[in-house]
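Chemist: this one's sequence-less:
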């Protein structure tokens, strides 16, 4: 029942971030002023229904144009997007990953499909930082064309959300784009297919191994206003939090772990002993689940 | 109450404000309203 609340919020967010339902008639993307605001989650702004800008796309555009804009004395470094993401991170850390990101919702739903499930090795959790550094910052600034503009490396070669939300729908809507399809498109479809299959087998593989936006938010998990609190006196190490965690985190070993997407499943559903609580700017709360005394349970 | 989060939020709020004043909002809008061929995989 409680998990339903998160699903409802995820679905509403996905609908709001993709709320331009006139696209089957207009056959193009939304071009209103809302697109000056960046979505808190990964949502391609070339999706025909998208109402906001993709933060990763926006940051890459700034990085790719940094040399050219400096030469033209326009000092655009992406502070607007960086500041916006930093405010969100400072408030709630990676919570947008668990509650808002439409691509996170897609992965959650795929993982619900029955069948054999596998865990993702811990070492892969460093992947997002490599993708953040390389494809969002270093390569777009470093590798430039004759005019001094870089490329959107993450969007161009990796982003499966862009292929799913923008590439495929736009090719259906605009037949003229189909003649431009080449090897790159098929590579991106292969990347998307890979993550779809992996999402059925493992929980949130893209978030855990690639997503640079999650990597950015993760820097704030231990410092954000919203914090999860661990009470070792109440913890029985029953590992229910570990069993239910979509990211395979043992809460009692690492509260507010950098990988935690703050889905709050451990707080709201797993822990029956009140060992997990939350705190935000002086406000505190605990799970509303009926508590069991650690003594009685043993 | 911890002061750290408020300092972080304040710093990034300032950063956001600097970006807005320097015209970055318009730049984001310009990029987001045109179809990104890179995102589609045909750029």
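Modeler: Structure's in. What do you need? Only a predicted model underlies this, so the values are computations on that prediction, with no experimental measurement involved.

Chemist: helices or strands next to the helix or strand harbouring residue A:190 in the packing?
Modeler: Using DSSP states H and E, residue A:190 maps to helix A:183-201. When contacts are defined as 3 or more Cβ pairs under 8 Å, 6 or more residues apart in numbering or on different chains; DSSP states H and E, helix A:183-201 packs onto helix A:102-111, helix A:153-157, helix A:160-162, helix A:205-209. For the C-beta atoms, the positions are set from N, CA and C on the backbone; glycine is no exception.

Chemist: pLDDT on the last one, on average?
Modeler: Just to be clear, that refers to helix A:205-209. Per-residue pLDDT over helix A:205-209 has a mean of 98.

Chemist: related to what we said a few turns ago, angle of the helix holding residue A:190 against helix A:102-111?
Modeler: Counting by axes from the mean of the first three to the mean of the last three Cα atoms, to 10 degrees, helix A:183-201 lies at 50 degrees to helix A:102-111.

Chemist: Can you tell me which of the helices and strands packed on helix A:183-201 is most buried?
Modeler: Of all those, helix A:160-162 has the most neighbours on average by mean count of other Cβ atoms under 10 Å in any protein chain shown, namely a mean of 28.

Chemist: and it, how far from the chain's centre?
Modeler: How far helix A:160-162 lies from its chain's middle: 12 Å, per Cα atoms, centre = their mean, to the nearest Å.

Chemist: need the next SSE after that helix, C-terminal direction.
Modeler: Counting by DSSP H and E, what follows helix A:160-162 is helix A:168-173.

Chemist: count of residues packed around residue 40?
Modeler: I went with chain A, as the question did not name one. 24 (other Cβ atoms under 10 Å in any protein chain shown).

Chemist: wrong chain, I was asking about chain B
Modeler: So residue B:40, with other Cβ under 10 Å, has 28 neighbours.

Chemist: Chain A versus that one, what's the distance?
Modeler: 4 Å (Cβ to the nearest Cβ, to the nearest Å).

Chemist: ok, the residue nearest to that residue when sequence neighbours are not counted - contacts?
Modeler: If the residues on either side of it in the chain are set aside, residue B:40 comes closest to residue A:167, at 4.1 Å by Cβ to Cβ, 6 or more residues apart in numbering or on different chains. Residues near residue A:167 by Cβ atoms under 8 Å, 6 or more residues apart in numbering or on different chains: A:185, A:188-189, B:39-42.

Chemist: same thing but 7 Å
Modeler: A:185, A:188, B:40-41 (Cβ atoms under 7 Å, 6 or more residues apart in numbering or on different chains).

Chemist: Could you list the buried residues of the helix holding residue A:190?
Modeler: Buried positions in helix A:183-201, judged by neighbour count with 16 or more other Cβ atoms under 10 Å in any protein chain shown: A:184-185, A:188-189, A:191-192, A:195-196, A:198-201.
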